[in-house]
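Peer 1: I'd like to go over a predicted model; first the sequence, then the structure.
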Amino acid sequence: MVVLRAGLCPGLTEEMIQLLRANGIRTVVDFVSSDLEDIAQKCSLSYKALVAVRRVLLAQFSAFPTNGADLYEELKSSTAILPTGSPSLDQLLDSGLYTGEVTELMGVPGSGKTQVCLGIAASVSLGLKQHVLFLDSTGGFTASRLYQILRARSEDGEEQAKALQRIQVVRVFNIYEMLSALQELRDHLSQQVVSSMGPLKIVVIDSVSAVIYPLLGGKHSEGLAIMMQLARELKTLAKEFSLAVVVTNQVTRESSTGPLKPALGRSWSFVPSTRVLLESKETTWEKATTQRVASLAKSSRQPTGIQVELDIG
Amino acid sequence: MQREVGSLPLAPALRAKLVAAGFQTAQELLETGPCGLSKELGISKEEALEALQVVRQECHGDAARTAGGSGTTRKCTALELLEEEQAQGFIITFCSALDNILGGGVQLTKITEICGTPGVGKTQLCMQLAVDVQIPECFGGVAGEAVFIDTEGSFMVDRVVDIATACVQHCQLIAEAHQEEDHLKALETFSLESILSHIYYFRCRDYIELLAQVYLLPDFLSEHSKVRLVVVDGIAFPFRHDFEDLSLRTRLLNGLAQQLIIIAHDHKSASHGFRDVQPPAVTQNAEDTEMNPRKRPRREEEK
């Protein structure tokens, strides 16, 4: 809904805009969808000029189709598959995290979502030597645990230090801070500023429900609007800059005995293309165990319902 | 700044008007100026000015961050965080078994939750922690102050006096055994009166008072910068009964949790909430973290 302004395209002058506005045409959509002969008469403007302006506006603002073969070629050259650091999880995700997509990890508190995120960050930073952006909204990011994971995977102290430096952690505790952190990322990437951020391939957000939950519900749909804003930002970031986006989410139940379902509702369920549910094998807390079960709840490539065992220790 | 209008923290009605008028990015808003904005949207000039101030603040915050300024941002690499964490102390509980499973004690900048059935000792533990946070650094403590938010009314001052006296005696025994100068110096200021005067007590009778207190806490903490522990005794109690709207309860609790996380992180304190659990489950919510690689040397005897 772009407002018509002078200079939007050559030939669109200020007086033209005033005349159009006087006749109720304020935005590009109004202009393009109206009858130009009619307008030429009412505003006493030249029909040719109006047609020229319309052609330029359409070229500027409409989307263009591409054919499937080109799209496939583009995908083949731009998509990367990032290992998560856990072979069984990689198998569940069809060999790893795909860039250009949003992957969601969900589970009850304590099921291991943050641990898996730390494992992914360690694997990408150490194994692939790529930069990682970690948005922490729960305060659950513990650098000492990350260091422990890195130590388990590599013996070289210098490599561990370099891997730690490649992981950038931003603490965002409400939705607006998260949106502005993502905006900052977008500016960095589009200007290709090679500052502290080197080649970035993955953004991990832990967790997305912590910042959205306080806004949802109630009589106003404000929370829903902001949530969709975040969803759009994540998906466009993933697609435009070929990033893999990993988010974590909570789970809720319909009633006290119903099955677990992901939080944030139906609108959010369209955002991730892959959803993994993490559960603990034991039902009580008495036995301390690092074994978890990961099951595929939504995927565009694999059959859902497959389960693997995971060790988050 | 190509910040989308929908992602700016403006009032919903104003946002709806902006979108209807065709504004898409923050840049367009700033270019239009307050007079143009008030004309196009049909709002007063003061409202337009306020809105533009908010937008400018957000965008300048972004610009400062892009230019590399630190300011209020919470951005760092994992290596820097590791160094920070390793330099941080723990609040010891004087029970070595508990300290062991917590990985050294109650962690700063994190939230620890204690759950249990009524009568199991949660308030006692919290009172102990409120005293332990004040132990001087030469004895292995963090030399901080404590905020105690009580929703159940179970805070007993005479019991705190007992705990504090025992703590002072324990430190005196250590000082006598080791005979070091800084120990004796610290003991001069570490007395019963000073311990009690550094526990800031708030009584909240319902959930509104609790929410208000937690939201006002950052201001209090910026005045009292030595506070290292915030205890919320009975976080579930005000939300338990008389709450018809369950989704409101979830929302409030989540907002409260985020606010506590912000307080814990920004003021480098440990937030300590705890709740009752319906019997029979006694759950332990402390995460089993590994030992700190550079463990602080403990100079007291283990009890």
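Peer 2: Nice, I can see it. Since the structure is predicted, the reported quantities are computational estimates derived from the model, not experimental observations.

Peer 1: Next up, the contacts around residue B:253.
Peer 2: By C-beta atoms under 8 Å, 6 or more residues apart in numbering or on different chains, the residues touching residue B:253 are residue B:239. (Glycine included, C-beta is placed from N, CA and C.)

Peer 1: Reduced to three states, what does it come out as?
Peer 2: helix (DSSP: H, G, I helix; E, B strand; the rest coil).

Peer 1: pLDDT score for it?
Peer 2: Note on residue B:253: pLDDT of 85.

Peer 1: How much space separates it from residue B:8?
Peer 2: For residue B:253, the distance to residue B:8 equals 27 Å [C-beta to C-beta, to the nearest Å].

Peer 1: same question, residue A:47
Peer 2: For residue A:47 relative to residue B:8 (C-beta to C-beta), the value is 40 Å.

Peer 1: When those two are compared, which one has more neighbours?
Peer 2: residue B:8 (23 against 12; other C-beta atoms under 10 Å in any protein chain shown).

Peer 1: Just the pLDDT at the more buried one, thanks.
Peer 2: pLDDT, the model's per-residue confidence, is 79 for residue B:8.

Peer 1: Setting aside sequence neighbours, what's the nearest residue to residue A:279?
Peer 2: Once flanking residues are discounted, residue A:279 sits nearest to residue A:293: 4.9 Å by C-beta to C-beta, 6 or more residues apart in numbering or on different chains.

Peer 1: List the buried residues in the strand or helix carrying that neighbour.
Peer 2: In the assignment (DSSP states H and E), residue A:293 maps to strand A:291-298. For strand A:291-298, a neighbour-count test (16 or more other C-beta atoms under 10 Å in any protein chain shown) marks A:292-294, A:296-298 as buried.

Peer 1: Just the CA trace of it, in PDB.
Peer 2: C-alpha atoms of strand A:291-298 as PDB (Å, rounded to 0.1, in the frame of the first residue of the first chain):
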ATOM      1  CA  GLN A 291      18.800 -39.500  26.700                       C
ATOM      2  CA  ARG A 292      16.100 -37.800  24.700                       C
ATOM      3  CA  VAL A 293      13.700 -38.900  22.000                       C
ATOM      4  CA  ALA A 294      13.300 -36.600  19.000                       C
ATOM      5  CA  SER A 295      10.300 -37.200  16.700                       C
ATOM      6  CA  LEU A 296       9.500 -35.400  13.500                       C
ATOM      7  CA  ALA A 297       6.200 -33.600  13.700                       C
ATOM      8  CA  LYS A 298       6.200 -31.700  10.500                       C
END
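
Peer 1: the domain parsing of chain A - what is it?
Peer 2: Annotated domains of chain A cover A:14-61, A:75-311 [the TED database].

Peer 1: Output those in a markdown table; the columns should cover mean pLDDT.
Peer 2: A markdown table is the format used below for the domains of chain A (pLDDT from 0 to 100):
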| stretch | mean pLDDT |
| --- | --- |
| domain A:14-61 | 82 |
| domain A:75-311 | 86 |
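
Peer 1: right, and these - which one's nearest residue B:34?
Peer 2: With C-beta to C-beta as the criterion, residue B:34 lies closest to domain A:14-61 of the domains of chain A, at 20.0 Å.

Peer 1: Need the per-residue pLDDT for residue B:245.
Peer 2: Taking residue B:245 on its own, its pLDDT is 77.

Peer 1: Quick check: phi and psi at it.
Peer 2: phi -90, psi 100 (degrees, to the nearest 10).

Peer 1: Mind listing residues that contact stretch A:74-90?
Peer 2: A:93, A:95-100, A:116, A:119-120, A:122-124, A:127-128, A:130, A:149, A:153, A:201-202, A:242, A:244, A:276, A:294, A:308-311.

Peer 1: I misspoke; the intended subject was stretch A:246-258.
Peer 2: So stretch A:246-258 is contacted by A:97, A:102-109, A:113-114, A:117, A:120, A:202-209, A:213, A:234, A:259-264, A:268, A:272, A:277 (C-beta under 8 Å, 6+ apart).

Peer 1: hang on, residue A:248 in a strand?
Peer 2: Yes: under three-state DSSP, residue A:248 sits within a strand.

Peer 1: That one - how many residues pack around it?
Peer 2: For residue A:248, the count of nearby residues is 26 (other C-beta under 10 Å).

Peer 1: Quick check: bridge partners of it?
Peer 2: Counting by DSSP bridges, residue A:248 is bridged to residue A:105.

Peer 1: Against chain B, how distant is it?
Peer 2: 15 Å (C-beta to the nearest C-beta, to the nearest Å).

Peer 1: Over to residue A:60?
Peer 2: Computed with C-beta to the nearest C-beta, the distance linking residue A:60 and chain B is 14 Å.

Peer 1: The lengthiest helix in chain A close to chain B?
Peer 2: As assigned by DSSP state H, the longest helix anywhere in chain A is helix A:222-240. Yes: interface with chain B: helix A:222-240 contributes A:222, A:225-226, A:229, A:233 (C-beta under 8 Å from any C-beta of the partner chain).

Peer 1: Which of those residues are buried, as a PyMOL select command?
Peer 2: Here is the PyMOL command that selects the buried residues among the residues of helix A:222-240 next to chain B (16+ other C-beta under 10 Å):
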select buried, chain A and resi 225+226+229+233
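
Peer 1: between the residues of helix A:222-240 next to chain B, which is nearest residue B:51?
Peer 2: Ranked by distance to residue B:51 (C-beta to C-beta), the residues of helix A:222-240 next to chain B are led by residue A:222 at 16.2 Å.

Peer 1: Quick check: closest non-adjacent residue to that closest one.
Peer 2: Nearest to residue A:222 is residue B:12, by C-beta to C-beta, 6+ apart, at 4.8 Å.

Peer 1: One more: residue B:45?
Peer 2: residue B:38 (4.8 Å).

Peer 1: got it, and residue B:210?
Peer 2: Per C-beta to C-beta, 6+ apart, closest to residue B:210 is residue B:204, 4.3 Å.

Peer 1: same question, residue A:233
Peer 2: Closest to residue A:233 by C-beta to C-beta, 6+ apart is residue A:182, at 5.1 Å.

Peer 1: picking that back up, the residue nearest to residue B:45: helix or strand, and which one exactly?
Peer 2: Under the assignment here (DSSP H and E), residue B:38 is part of helix B:26-41.
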